[in-house]
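>>> Make a model of this:
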Amino acid sequence: MLFNSYIFLYAFLPVALTGYYTLGHLYGPRPAKIWLCVGSFVFYGWWNPAFVLLLLGSIAFNYTLSLYLVGDANAPAGRQVKILTLGVVANLLLLFHYKYFFPLLGFFHALGWTHVDYGSVILPIGISFFTFTQIGYLVDCRQGLVPDRGLLNYVLFVTFFPHLIAGPILHHREIMPQFAKDTTYRLRIDNLGVGLTLFTIGLIKKVMLADSIAPWAEAGFANLQHIGLIQAWSVALAYSMQLYFDFSGYSDMAIGLGIMFGISLPLNFNSPYKALSIIDFWQRWHMTLTRYLTLLLYNPIALAITRYRQRAGMSMNRQAAMTPVGFASMIAFPTFTTMFLAGIWHGAGLQFIVYGVLQGIFLTTNHLWRLFHKPLNVNAPHSAAKIYSVLWRLTLTYFAVLLAQIAFRANNVSDALVLVAGMIGLHGSGLPLTIPLGDVKYLGALSDWILHHDILVVGLRSTYNATTLPLIHNYLFILALGLIAFLAPNAYQILDKWSPALNKVKPMRWRFLAWRPTWFTAVGAGSLLFAATQYFNQTARFLYFQF
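From the prediction side, this is the model:
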């Protein structure tokens, strides 16, 4: 079931909320939890009921292992390590089967190594997210961080529908204490108001912004043959904005839905295009995945290297990190390995490996830069030099992100290279471009000069497509999306002290834009919500559902 659908908005959500708070008020937390678990299974199984069995099997397996992990406090540490290893390997094998096994067989078939084409398998929505959530739970159990190990609470933790299919990736210790409070099951109007407002903001981002620019990006990536300079940049920027507002919209909706049920979820998206470095970007983009990768991949690798260097009598200070060997072992290797595996997590194609490798190169370079240069003090008084530095770093970071996103989106590495070649002009400028006669008015006073110099030629509407020139207002739309992404305060800054996310963001300077619980804002949110529903006819799944 999609958040951006009539069945969810007008049927599932009202019924889920009504039953949850009615049962919680009349009978206490346990019936409300059961109701929410059942509702979450209905939500997950709406698209394909068969995958509910997969989810149930995954939950049963991991919960059983968790009981063994914590059942005997005096058990040898080696036994617990073996159980944890079994759990991690089994979860990853499940992920491998659905995400990588059949693409790998297809790759072998294309090379001629096998004579049978085994086809493909339908990927269960959200399998990466509920698998990673449960791996994290097993690690928390091993470390003694899970005091409440009841089956109902575990099922609720895994299946809570706002985060089930595309994150954020949760830790048991930050969510289940909230479900343990009796006050969580008491209806609060302010929670509904804040949640509905945030959900509306996210819905607008998804259906009115991301989905509106999606056809251009999709058509562009489907027609990359000999794409010119202007067209290549327009396709890349269109997808970059589509991905930004799609993921940002989902994150807002998930957190908004969570607080409607009295639960604050962790922040997962914090204006990442405002980042001044690639390190800063990953602290703002898919924040819970970054946290997860840091805790379960980067830190263990870095710790193993630290212990090795200590046994070898090698230094671990900053000066050691500034040597080639020290930097390669202490910083470059754990960073590159983590991002390489993060790329593989996103998909089975070679393009995802390229995506991970690029991110590893960018992050490693950024760490190297930080070792030899003072960090930028963004709170220092304004000056021309500071403004120049901020703009330069902002631009450099975004273009690095854009390059990686091309690999992330392309159907294969060859398509990614074709688009990059077009962006650097290897396929020509793409001029003159064909413009429909009705769009000449958008050029204003420059129309005569542009047409006279053969930058544009006027043609029939049927003669252009995404690789020539879509409507002029599409270019203006991309510009508007860019201004929002780079300059506007995000939803959590607008909500200010009412922000429902677990972690807070830096307050915005434009305090007059801060949201307040008034009748005016309620009517405004309701009107915007109604307007957003008029775009449900172009409904598309969230981009991160496929991961």
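
>>> Tell me which residue is most central in the protein.
The centroid of the chain falls nearest to H286 when counting by Cα atoms, centre = their mean (4.5 Å).

>>> Grab the nearest non-local neighbour of it.
Nearest non-adjacent residue to H286, counting by Cβ to Cβ, 6 or more residues apart in numbering: N268, 6.4 Å away. Where you see a C-beta, it was placed from the backbone N, CA and C, and this is true even at glycine.

>>> In contact with that neighbour, which residues are there?
N268 is in contact with G167, P168, S251, A254, I255, H286, M287, T288, counting by Cβ atoms under 8 Å, 6 or more residues apart in numbering.

>>> follow-up on the earlier one: so how far is Y292 from the residue nearest to the centre of the chain?
Distance of H286 to Y292, computed by Cβ to Cβ, to the nearest Å: 9 Å.

>>> what does I59 give?
Counting by Cβ to Cβ, the separation of I59 from Y292 is 19 Å.

>>> Out of these two, name the residue with the larger neighbour count.
Neighbours per residue, other Cβ atoms under 10 Å: of I59 and Y292, the larger number sits with Y292, 23 against 18.

>>> Okay, and that one sits in which element?
Per DSSP states H and E: Y292 is located in helix 287-293.

>>> Could you do L426 as well?
Going by DSSP H and E, L426 is not in any helix or strand.

>>> Quick check: phi and psi on it?
Reported as degrees, to the nearest 10, the phi and psi values for L426 are phi -70, psi -20.

>>> Burial check on the nearest residue to I34 once chain neighbours are set aside, number of neighbours?
What sits nearest to I34 in space, not counting adjacent residues and going by Cβ to Cβ, 6+ apart, is L152, at 6.9 Å. Look at L152: counted by other Cβ under 10 Å, it has 13 neighbours.

>>> next one: R291
Residues lying near R291 (other Cβ under 10 Å) number 17.

>>> That one: what's it in contact with?
Counted by Cβ under 8 Å, 6+ apart, R291 has contacts I169.

>>> ditto for S240
S240 neighbours (Cβ under 8 Å, 6+ apart): V401, L402, Q405.

>>> can you give me the helices for the stretch 351-500 of the chain?
Ranges of helices in the stretch 351-500 of the chain, per DSSP state H, counting those that start in this stretch, are 384-409, 413-423, 447-452, 472-487, 491-495.

>>> Show residues contacting the second one.
Think helix 413-423. Identification of contacts with helix 413-423 by Cβ under 8 Å, 6+ apart yields 221, 224-229, 231-233, 235-236, 350-351, 354, 403, 406-407, 410, 427, 430.

>>> isn't I301 right next to T335, touching?
No - when contacts are counted by Cβ atoms under 8 Å, I301 is not listed as touching T335 (9.1 Å).

>>> Which of these two has more residues huddled nearby?
More crowded of I301 and T335, by other Cβ under 10 Å: T335, with 23 against 16.

>>> quick one: that one and P215, what's the gap?
From T335 to P215 the distance is 37 Å (Cβ to Cβ).

>>> residue ranges of the helices in the stretch 51-200 of the chain, please?
Going by DSSP H, counting those that start in this stretch, the stretch 51-200 of the chain shows helices at 77-96, 102-110, 127-142, 151-159, 161-164, 172-179, 189-203.

>>> Among these, which comes closest to F372?
With Cβ to Cβ as the measure, helix 127-142 is the member of the helices of the stretch 51-200 of the chain nearest F372 (35.1 Å).

>>> could you say what helices and strands the closest one packs with?
Judged by 3 or more Cβ pairs under 8 Å, 6 or more residues apart in numbering; DSSP states H and E, helix 127-142 is in contact with helix 50-71, helix 77-96, helix 151-159, helix 161-164, helix 172-179.

>>> What about L481, how many residues nearby?
L481 has 22 nearby residues by other Cβ under 10 Å.

>>> pretty sure it is in contact with S212, am I right?
No - here L481 does not reach S212: they are 9.2 Å apart, not a contact under Cβ under 8 Å.

>>> Off-centre distance for stretch 308-328?
Distance of stretch 308-328 from the chain centroid (Cα atoms, centre = their mean, to the nearest Å) equals 34 Å.

>>> mind listing what's buried in it?
R309, A321, G326, F327 (16 or more other Cβ atoms under 10 Å).

>>> what's the closest of those residues to L2?
F327 (45.7 Å).

>>> what's near enough to touch that closest one?
F327 makes contacts with A321, H367, L368, L371, as judged by Cβ under 8 Å, 6+ apart.

>>> mind running it again at 6 Å?
Contacts here follow Cβ atoms under 6 Å, 6 or more residues apart in numbering; on that basis F327 touches A321.

>>> Same question for W46.
By Cβ under 6 Å, 6+ apart, the contact list for W46 reads M1.

>>> Now the phi/psi pair for it, please.
Per degrees, to the nearest 10, the backbone of W46 is at phi -60, psi -40.

>>> ditto for F269
phi -160, psi 120.

>>> Who is it paired with across the strands?
Counting by DSSP bridges, F269 forms beta bridges with W285.

>>> that older thread, save the contacts of S240 as a markdown table, and put in distance to A522 too.
Output for the contacts of S240, formatted as a markdown table (distance: Cβ to Cβ, whole Å):
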| residue | distance to A522 |
| --- | --- |
| V401 | 37 |
| L402 | 39 |
| Q405 | 37 |
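
>>> any idea which of those residues is closest to I7?
Q405 (31.6 Å).

>>> Please name the nearest non-neighbouring residue to that closest one.
With Cβ to Cβ, 6+ apart as the criterion, Q405 has its nearest non-adjacent residue at 5.5 Å, and that residue is S240.

>>> Quick check: that neighbour is in a strand.
No - counting by DSSP: H, G, I helix; E, B strand; the rest coil, S240 is not part of a strand but helix.

>>> So it versus P272, what's the distance?
According to Cβ to Cβ, S240 stands 11 Å off from P272.

>>> likewise P324?
P324 is 31 Å from P272, by Cβ to Cβ.
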